[in-house]
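**Q** Build me a model:
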Amino acid sequence: MVNMGRESAKDNDLFFTCSLIEYIARRTKNRRKDVVSMLDKKNISKIYDLADIYHSDNIDRVSDDFIKTAEITEGTFDNVAKCQYSIPSHWDIGKVYKRLIKSVAEYEKIDVIDALMKVYKSFLSDKIDDYNSSMYYENPSYLLECYLENKVI
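**A** Numbers count the residues shown, from 1 in each chain. The predicted structure follows:
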């Protein structure tokens, strides 16, 4: 596999996948774990497999396609509006999830998409998505330990 940048192409694909999940969640005002459930493993795998192509397209159009395909409805969760401080971008949050998912996949020796599904459905997803807390900018190794312990430590 050719590595044209600082990280592998598949790591970049995971970063884009997580960032798109975040983008869709913000647009539809849904919890991230709910977006992952609505998208389901098949659509998430498609995003991951074709991320290099989708990344070159307009993110609004790509998100619209998946919102329609997965029939994601408007929710009531708006963590951006509730944020009292500087709002992290969807790219910032995508990076947080990418690192955690990659660590979980390596630690548990599972496929990255299976790790993605587990991470977003874990208690930690709600903690990361609270932009008024410090969880989303914690050290990646700390986030992994919290995930493994199934509690904030």
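**Q** contacting residues for the spatially most central residue of the chain?
**A** Nearest residue to the geometric centre of the chain (C-alpha atoms, centre = their mean): Cys18, 3.0 Å. The contact partners of Cys18, taken as C-beta atoms under 8 Å, 6 or more residues apart in numbering, are 93-98, 101, 116. Every residue, glycine included, has its C-beta placed from N, CA and C.
**Q** now, among these, which is nearest to Lys46?
**A** Leu116 (12.9 Å; C-beta to C-beta).
**Q** so where's this protein uncertain?
**A** Scanning the chain for pLDDT under 70 picks out 1-5.
**Q** where along it do the helices fall?
**A** Ranges of helices in the chain, per DSSP state H, are 9-28, 32-49, 51-54, 59-69, 79-82, 90-108, 112-120, 123-128, 140-149.
**Q** mind listing what's buried in the first one?
**A** Spelled out, it's helix 9-28. Going by neighbour count (16 or more other C-beta atoms under 10 Å), the buried part of helix 9-28 is 11-28.
**Q** What of the fifth one?
**A** Neighbour counts using 16+ other C-beta under 10 Å place Asn79 of helix 79-82 among the buried residues.
**Q** could I get it in PDB with only the CA atoms?
**A** The C-alpha atoms that make up helix 79-82 are tabulated as PDB, following Å, rounded to 0.1, in the frame of the first residue of the first chain:
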ATOM      1  CA  ASN A  79     -24.800  19.400  20.900                       C
ATOM      2  CA  VAL A  80     -23.500  22.200  18.700                       C
ATOM      3  CA  ALA A  81     -26.200  24.600  19.800                       C
ATOM      4  CA  LYS A  82     -25.700  23.500  23.500                       C
END
